[in-house]
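With the sequence up front, the predicted model follows.
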Amino acid sequence: MRIERVSNNQFTIFLTFDDLIDRGFTKEDLWYDAANVKSLFSDMMYEASTELGFELEGVLLVQVHLMQAQGMHVIVTQKGSESSWDENFVEMKVTLDESSELIFSFNDFEDIIQVASNLTKLGINGGQIYHMDKRYYMLFREAEFFQKDKENVIAIMSEYSFPSIITSHRLKEYGKVIMASSAVRQIMDIFHS
């Protein structure tokens with residue numbers, strides 16, 4: 001579990017699917033087991049508050065983004081202390097949102113060239129490539145790969161890269177665009193022609 005303070009009233013938590021499994025959860029549990037999910041969120045809130053020295057009080061707004069290959073990204077915002085505080089109860093308004101993107105991080109552009117060659121065999125030609133903090137990122141929207149091939153795409157990408165915890169919003173804001181669209185096709189045209 002990775003915890004990061006964003007501001008005085010907001011922090012983020014990132015859990016990989018391995019972190020969730022270590023805590024006894026599956027992805028399906030997040031949708032269907034409300035009691036255990038509440039327990040998971042309470043544990044995460046208190047772990048984060050202890051690690052960051054963050055006082056939990058008032059209403060916490062919790063946004064949960066399930067990222068298909070990466071895990072769970074949780075954004076916690078504290079909405080002031082206007083409501084009365086009960087030490088045994090933290091009110092959470094939770095929204096679950098499953099990301100329709102795949103984002104992978106690469107150490108070397110050569111690995112992206114290898115991935116493109118394998119993805120082309122699956123009929124995948126899209127994608128975007130960004131560079132940020134000395135790493136390359138490849139982003140796919142769900143419409144760019146066939147739902148039935150999602151697991152194959154993830155398997156191929158995992159051979160050459162790592163699932164990224166960076167969001168597409170952060171990439172677009174701080175990253176440098178290398179290829180804005182049709183990245184796999186462009187790479188094949190440039191490096192395999």
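Here it is on my side, so go on.

Let me know the helix or strand that Glu151 is in.
Using DSSP states H and E, Glu151 maps to helix 150-160.

For that helix, list the C-alpha coordinates in CSV.
C-alpha atoms of helix 150-160 as CSV (Å, rounded to 0.1, in the frame of the first residue of the first chain):
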residue,chain,number,x,y,z
LYS,A,150,-8.0,-7.6,-22.5
GLU,A,151,-6.3,-10.4,-20.6
ASN,A,152,-4.0,-11.1,-23.5
VAL,A,153,-3.1,-7.4,-23.8
ILE,A,154,-2.4,-7.2,-20.0
ALA,A,155,-0.2,-10.4,-20.3
ILE,A,156,1.8,-9.0,-23.2
MET,A,157,2.3,-5.6,-21.6
SER,A,158,3.3,-7.2,-18.3
GLU,A,159,6.2,-9.0,-20.0
TYR,A,160,7.8,-5.7,-21.0
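
Residues touching it, excluding its own?
68-69, 102, 104, 106, 111-112, 114-115, 118-119, 122, 124, 138, 140, 145, 163 (C-beta atoms under 8 Å, 6 or more residues apart in numbering). Just so you know, the C-beta spots here come from the backbone N, C-alpha and C atoms, and that holds for glycine as well.

Repeat the analysis, applying 6 Å as the threshold.
Applying C-beta atoms under 6 Å, 6 or more residues apart in numbering, the contact partners of helix 150-160 are 69, 104, 111, 114-115, 118, 122, 145.

Please indicate which of those are buried?
By neighbour count, with 16 or more other C-beta atoms under 10 Å, the contacts of helix 150-160 hold 69, 104, 111, 114-115, 118, 145 as buried.
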